[in-house]
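J.: Next comes the sequence, and after it the predicted model I'd like to discuss.
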Amino acid sequence: MMSHPLEQLRYIARRWEIDDDFPAQEVAAVLADLASENPVSLLQACRRLIDYFPSAGVAWWLCARALGSPEPIEGIWEAADELSSDPTAGICAKAVPANATVAFPDPIPQAVRALRKRKDVQLVDRATKKADLVLLRARAAGPDGVRVTRRSSKSRNNGSRPGVPVWAVLERGALLPGPLWEQLQARSADDGQAEVVPLDDLGSIVTDRGPVSPAEAVSKPTCPPVAELLGWRS
């Protein structure tokens, strides 16, 4: 017997806790099923997904795209395809300077695979005095900073030598408009697992356009600040 879509969402969420890659297509399938039932079911599922992962920018982003689309089912699949085809990790690997020792404390699997194919790049799992570049994976981002794991933040602060450039890697789905960014921070303020790095502390942010200035990188969020995700109580 097929389980209800909300039960499927719970199952997918549990697996995501173990597997770091966001299951965009599976989540989209559940949301699309619920969107075909009625808007209330879709809103309930989106809020539940965010309750499971309040600090994950991609959860907020996908839900905002689903709820903000005039045709929710079409909007859900379009957003999921954007996540699945995001080229940022590969672009990041190409943008790393030649003959560099790169610290990547919270690695993106696709970027690591691409970097390992480059014979001129040495990867280390934390910032050291030998690192020429520190890469920080942005788990979420907003107008004033990027949210990274505490491991990334500690490595950056304690390991690298002064003057070493620090780049954030901003995958599709991590960047939120100001109101949603504020909601994310409010809901995950006490989780103790991440910290916000101010834009001024970053040399560049790698997007699907390559390394750009931090201000440029966060200037154009690709999801709307939908009212349904602002200020609700679980």
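T.: Structure received.
J.: quick one, what contacts Ala100?
T.: Listed by Cβ atoms under 8 Å, 6 or more residues apart in numbering, the contact set of Ala100 reads Asp120, Val121, Gln122, Asp132, Leu133. For glycine as for every other residue, the C-beta is placed from the backbone atoms N, C-alpha and C.
J.: Quick check: the second one vs Leu49, distance?
T.: Relative to Leu49, Val121 is positioned 36 Å away (criterion: Cβ to Cβ, to the nearest Å).
J.: re the thing from before, buried subset of the contacts of Ala100 as a ChimeraX selection?
T.: Listed next is the ChimeraX selection for buried residues among the contacts of Ala100, using 16 or more other Cβ atoms under 10 Å:
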select :121,132,133
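J.: which one among the contacts of Ala100 gets closest to Ala114?
T.: Nearest to Ala114 among the contacts of Ala100: Val121, at 9.6 Å, using Cβ to Cβ.
J.: That closest one reaches Leu115, doesn't it?
T.: Yes. Counting by Cβ atoms under 8 Å, Val121 does reach Leu115; the two are 5.3 Å apart.
J.: can you list residues touching both of those two?
T.: Val96, Val102.
J.: Averaged pLDDT, stretch 26-33. What do you get?
T.: With pLDDT averaged residue by residue, stretch 26-33 scores 88.
J.: for stretch 196-211, same thing?
T.: Here the average pLDDT along stretch 196-211 is 96.
J.: Span of it from start to end?
T.: One end of stretch 196-211 sits 19 Å from the other (Cα to Cα, to the nearest Å).
J.: so what are the domain limits for the chain?
T.: Per the record, the chain has its domains at 5-85, 88-217, by automatic domain parsing.
J.: nearest to Pro224, of the ones you listed?
T.: Using Cβ to Cβ, the domains of the chain put domain 5-85 closest to Pro224, at 3.9 Å.
J.: Show me how far that closest one is from its chain's centre.
T.: With Cα atoms, centre = their mean, to the nearest Å as the basis, domain 5-85 stands 14 Å off its chain's centre.
J.: Next, the distance between the ends of it.
T.: Using Cα to Cα, the two ends of domain 5-85 sit 25 Å apart.
J.: Likewise for stretch 63-78?
T.: Stretch 63-78 end-to-end distance (Cα to Cα) = 12 Å.
J.: swap in stretch 144-163?
T.: End-to-end for stretch 144-163, by Cα to Cα: 22 Å.
J.: Report the buried residues of it.
T.: Residues of stretch 144-163 classed as buried by neighbour count (16+ other Cβ under 10 Å): Gly145, Val146, Arg147, Val148, Thr149, Ser152, Ser153, Ser155, Arg156, Gly159, Ser160.
J.: In helices, which of these appear?
T.: Among the buried residues of stretch 144-163, the residues falling in helices (DSSP state H) are Ser152, Ser153, Ser155, Arg156.
J.: Now compare the residues you listed and name the two farthest from each other.
T.: Using Cβ to Cβ, the pair of these lying farthest apart is Ser153 and Ser155, separated by 7.3 Å.
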